[in-house]
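Colleague: fold the following and give me the result.
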Amino acid sequence: MHFVFSPPAEAAAGLLDLPWREPLAEWADDRLVEIRRRGLSRHVVRFVSEGGRVYALKELADRLARREHRLLRRLRELGLPAVEAVGVVVDRPGDVDAILVTRFLDHSSSYRSLFTAPRAEPADRLLDALVELLARLHLAGFMWGDCSLSNVLFRFDAGAFAAYLVDAETAELHPSLSEGQRRYDVDLARERIAGELFDLAAAGTLPPDVDPVGVADDTVRRYDALWDELTREEVLRPGELRYRVADRVRRINDLGFDVDEVELLDAASSGTGEGVRLRVRTRVAEPGHHRRTLHARTGLAAEENQARRLLNDIASYRGWLERGTGRPVPEVVAAGRWLEEVYEPVVRAIPAGLRGRLDEVEIFHQVLEHRWFLSERSGRDVGTTAAARDYYRTVLPAVPAELTESVPPPDD
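Modeller: Here you go, the predicted model:
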């Protein structure tokens, strides 16, 4: 039997005494936990809680396990949203398949949770997250080969969702993708998504206003629109070059992508006879500019939209400090005081019985949104403390406890 753990290997050291010699379906270890409403899988998948973390264990052929472990690590190196590959256990005795070990994404939700919760989330936000993930993968030359709702986990991200790939078993990584490879992935996604939603409908858990075929078709339309914005060529008149190029780059940046190269072809070389042809080469953005900035200033880990929202609040707080003191306040000072005087009191006030409903950063973001709502209604700024108190009383209890999965407390 051969264990291969990704660095830092000590993080998973507590997993070494699991019953690796037995088929995964027969395990009876007391560290096994259940994940409610998870996606479907063609393999045996079980979850283990160890040291305050949850790990997903998937049993599959040695060759596929090694390959998926390698691809997941490569995705993380490229900064693409994917679960973290922890290790792989191969050459198990008795011709038992290998086990791939990944870290479960804390405070994440499956599509089943989001579609069937008492307050079902709008399908369009899930689709936006899914197609952005697929476009990012395609720009990086990653052909998924198994794009489906079951193979994605969603995390709340300041009014939107962030999608993470959780299954790369059939994937391939190339320098770039052909049009045929890309279309195959998109067509397969349409087929799989419709099938998964029909399964929910057959079980009576799909909201009646959700049309499986319509959602699947809408996924393709959204993907095509995003891909067109990221990659299309357009003809510009000489007098509009500067602002049109700048506008195109800004729109791409706003979508969370970077521009690697801008190419301008004159009329003669473009063959159009007039104007200048603009070619923009788009690449996956350096992961998480706002996330990195927030972490550097406060130590908080957040999704990109959450980080942007919190940085805006820090900027507002800095302006308030400067008005009060009558002199400039350094960013690092403002961020430190905001963390101590604004963020931490809100987080400490979360009722103990509601702490697992959403991650702390998402709760803080929602408190800010609630403060805006209450202030608009009352015609005055109600303040963060009062908004948090009302949010914990009226809003957070309505978030279904089973909507997201949280890491259990550390073992005693």
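Colleague: for R309, the count of nearby residues, please.
Modeller: 24 (other CB atoms under 10 Å). C-beta: built from backbone N, CA, C; applies to glycine.
Colleague: next: R232.
Modeller: Using other CB under 10 Å: R232 sits among 11 other residues.
Colleague: okay, it: pLDDT?
Modeller: Looking at R232, its pLDDT stands at 82.
Colleague: with the one 3 residues further on instead?
Modeller: We have a pLDDT of 76 for V235.
Colleague: hey, what's it bridged with?
Modeller: Here V235 shows beta-bridge partners R277, assigned using DSSP bridges.
Colleague: that one reaches V276, doesn't it?
Modeller: Yes: V235 lies in contact with V276 (CB atoms under 8 Å); the separation is 7.0 Å.
Colleague: ok, these two, which is more surrounded?
Modeller: V276 (20 against 14).
Colleague: report the residue ranges of every domain in this protein.
Modeller: The chain resolves into domains spanning 2-103, 111-228, 232-284, 301-398 when parsed by automatic domain parsing.
Colleague: worst average pLDDT in the ones you listed?
Modeller: The minimum mean pLDDT among the domains of the chain belongs to domain 232-284 (a mean of 68).
Colleague: residues near Y111, how many?
Modeller: 27.
Colleague: distance of the closest residue to A98 other than its chain neighbours relative to L72?
Modeller: Nearest non-adjacent residue to A98, counting by CB to CB, 6 or more residues apart in numbering: A65, 3.7 Å away. Remark: distance between A65 and L72 (CB to CB, to the nearest Å) = 11 Å.
Colleague: now V347
Modeller: According to CB to CB, V347 and L72 sit 31 Å apart.
Colleague: looking at those two, which one has more neighbours?
Modeller: Each of V347 and L72 has its neighbours counted (other CB under 10 Å); L72 has more, 26 against 17.
Colleague: element containing the more buried one, please.
Modeller: In the assignment (DSSP states H and E), L72 maps to helix 62-77.
Colleague: ranges for the strands of the stretch 51-200 of the chain?
Modeller: If DSSP state E, counting those that start in this stretch is used as the criterion, the strands of the stretch 51-200 of the chain fall at 53-60, 84-90, 98-103, 142-143, 152-157, 160-165, 172-173.
Colleague: ok, which of these comes nearest E229?
Modeller: strand 160-165 (17.2 Å; CB to CB).
Colleague: residues of the closest one that come out buried?
Modeller: Applying a neighbour-count criterion of 16 or more other CB atoms under 10 Å, one finds 160-165 buried in strand 160-165.
Colleague: residues contacting the nearest residue to L137 once chain neighbours are set aside?
Modeller: Nearest-residue entry for L137: W144, 5.8 Å, with adjacent residues in sequence omitted and distances by CB to CB, 6+ apart. W144 makes contacts with 134, 137, 151, 165, 168, 170-171, 185, as judged by CB atoms under 8 Å, 6 or more residues apart in numbering.
Colleague: can you give me phi and psi for W144?
Modeller: phi -70, psi -50 (degrees, to the nearest 10).
Colleague: I'd like the distance between it and R67.
Modeller: According to CB to CB, W144 and R67 sit 14 Å apart.
Colleague: and the helices in this protein?
Modeller: With helices called from DSSP state H, the chain shows them at 62-77, 111-116, 123-139, 179-202, 212-231, 241-254, 267-270, 289-298, 304-325, 331-338, 344-348, 360-378, 384-394.
Colleague: and E344, how many neighbours does it have?
Modeller: Neighbour tally, E344, other CB under 10 Å: 14.
Colleague: so D97 touches L60, yeah?
Modeller: Yes: assessed by CB under 8 Å, D97 is found in contact with L60 at 5.6 Å.
Colleague: my guess is L130 meets D218, correct?
Modeller: No: with contact defined as CB under 8 Å, L130 does not count as touching D218 (10.7 Å).
Colleague: who has more neighbours out of those two?
Modeller: Neighbours per residue (other CB under 10 Å) separate L130 from D218, with L130 holding more: 24 against 17.
Colleague: contacting residues around that one?
Modeller: By CB under 8 Å, 6+ apart, the contact set of L130 is 147, 149, 152, 163, 189, 219.
Colleague: which of those are buried? Put it as a PyMOL command.
Modeller: Buried residues within the contacts of L130, by 16+ other CB under 10 Å, are selected in PyMOL with:
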select buried, resi 147+149+152+163+189+219
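Colleague: for E322, state which of the contacts of L130 is nearest.
Modeller: For the contacts of L130, the nearest to E322 is A163 (38.5 Å; CB to CB).
Colleague: distance of that closest one from A189?
Modeller: Distance from A163 to A189, by CB to CB: 12 Å.
Colleague: next one: the closest residue to V399 other than its chain neighbours from I363, what distance?
Modeller: Excluding the flanking residues, the one nearest V399 by CB to CB, 6+ apart is R357, at 4.4 Å. Computed with CB to CB, the distance linking R357 and I363 is 8 Å.
Colleague: cool, and L16?
Modeller: Here the criterion is CB to CB. By it, L16 lies 35 Å from I363.
Colleague: looking at those two, which one has more neighbours?
Modeller: Legend: neighbour count by other CB under 10 Å for L16 and I363, higher for I363 (23 against 13).
Colleague: returning to what we had before: quick one: the residue nearest to L137 and L130, what's the gap?
Modeller: From W144 over to L130 the distance is 11 Å, taken as CB to CB.
Colleague: cool, and R155?
Modeller: Distance, R155 to L130, using CB to CB: 13 Å.
Colleague: gap between stretch 83-93 and the chain center?
Modeller: In terms of CA atoms, centre = their mean, to the nearest Å, the centre of stretch 83-93 is set 23 Å apart from its chain centre.
Colleague: going forward, the N-terminal residue is numbered 2.
Modeller: From this message on, residue numbering opens at 2, which makes the last subject stretch 84-94.
Colleague: now it: buried residues?
Modeller: Quick answer for stretch 84-94 (16+ other CB under 10 Å): 84-91, 93.
Colleague: what is the nearest of these to Y56?
Modeller: Closest approach to Y56 among the buried residues of stretch 84-94 (CB to CB): V87, at 6.2 Å.
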